[in-house]
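> Just need the structure, nothing else, for what follows:
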Amino acid sequence: MRKMDSKVLVIATHNKDKLSEFEAILHPHGVKTKFAGDFNLEFPPETEETFAGNARIKAHFVARETQLPAIADDSGIMVSDLDNQPGVKTADWAETPNGRDYKKAMTKVWKLLEEKQSPLPRKAKFCSTICVAWPDGHDEIFEGFVNGQIVWPMRGEIGFGFDPIFMPDGYEITFGEMSKADKNLISHRALSLKAFAENCLDA
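Residues are numbered from 1 along each chain as shown. All right, here's what the predicted structure looks like:
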């Protein structure tokens, strides 16, 4: 496992919500983060069929372009009774001609579960795969998962994406109702970033 010889990381995302989570989780480890948007980078298409494959596309592209270590996340929600969809296509389910509409995507998930008469609780899992890439082409992969269930109606406006319909196991509130600080302790992205920090940052 390669250790970071620099505490400067470029976060390979244009998603400001993800950016804030990365910063909140990494800064206590002494990491100075830069934003891919600061370099005016447009990512290549995410053409892989796995979270790891798409995370690698973004991280390696940014590392090559900036000549700095880069970190990328590909994440999504997997719903058991929908054959683990949306999964890698989570963001695609929200695409509309006018941008991403996650309320529409969440409604679609619930409608499909209702059509299947899926039994309660409707199990789901949030997944996050982190790729850290170096300019020389080396990379490390870390994963994080959090189990829970799909609930309806949507609850909370604190999170983003599918957070308002995902209630993690052991909690009575959704990610959409949870404070950012609390979510950053238990989320799928928090767990994958924790694994990265323990293996590549901490002594």
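> And the pLDDT at the residue nearest in space to the middle of the chain?
Compute the mean C-alpha point of the chain, and by C-alpha atoms, centre = their mean the closest residue is S75, 3.7 Å away. Note for S75: predicted pLDDT of 96.
> Point me to the helix or strand that includes it.
For S75, the host element (DSSP states H and E) is strand 70-79.
> Please pull up the helix or strand immediately following that strand.
The first helix or strand that comes after strand 70-79 along the chain, using DSSP H and E, is strand 85-86.
> Can you give the contact residues for the very next helix or strand once past that following strand?
Toward the C-terminus, strand 85-86 is succeeded by helix 90-93 as the next helix or strand (DSSP H and E). The contact list for helix 90-93 (C-beta atoms under 8 Å, 6 or more residues apart in numbering) reads 75-77, 86, 100, 105, 108-109, 161-162. The C-beta positions use only the backbone N, C-alpha and C, and glycine is treated the same way.
> next one: helix 90-93 to chain centre, how far?
What separates the centre of helix 90-93 from the centre of its chain is 12 Å, taken as C-alpha atoms, centre = their mean, to the nearest Å.
> can you pull the buried residues of it?
Across helix 90-93, burial judged by 16 or more other C-beta atoms under 10 Å covers 90-91, 93.
> Quick check on E140: phi, psi?
With angles defined as degrees, to the nearest 10, E140 sits at phi -130, psi 140.
> how about the closest residue in space to it that isn't next to it in sequence, secondary structure?
Using C-beta to C-beta, 6 or more residues apart in numbering and skipping residues adjacent in sequence, the residue nearest E140 is V132, 4.9 Å away. Under DSSP: H, G, I helix; E, B strand; the rest coil, V132 falls in the strand class.
> Next up, the contacts around V132.
By C-beta under 8 Å, 6+ apart, the residues touching V132 are 4, 9, 59, 69-71, 139-140, 142, 196, 200.
> Which secondary structure element of this protein has the lowest mean pLDDT?
Lowest by mean pLDDT, DSSP states H and E among the helices and strands of the chain is helix 16-26, with a mean of 89.
> Could you confirm A190 falls within a strand?
No - when three-state DSSP is applied, A190 is found to be helix, with no strand at that position.
> That one and I130 touch, don't they?
No - assessed by C-beta atoms under 8 Å, A190 is found out of contact with I130, at 10.7 Å.
> Looking at the two, which has the bigger crowd around it?
Per other C-beta atoms under 10 Å, whichever of A190 and I130 has more neighbours is I130, with 26 against 18.
> Surely that one and D139 touch.
No - between I130 and D139 there is no contact, the gap being 10.1 Å when judged by C-beta under 8 Å.
> residues in contact with the least confident helix or strand of the chain?
With contacts defined as C-beta under 8 Å, 6+ apart, helix 16-26 is touched by 9, 11, 13, 33, 35, 71, 73, 159-161, 180-181, 183-184, 187, 189-190, 193-194, 197.
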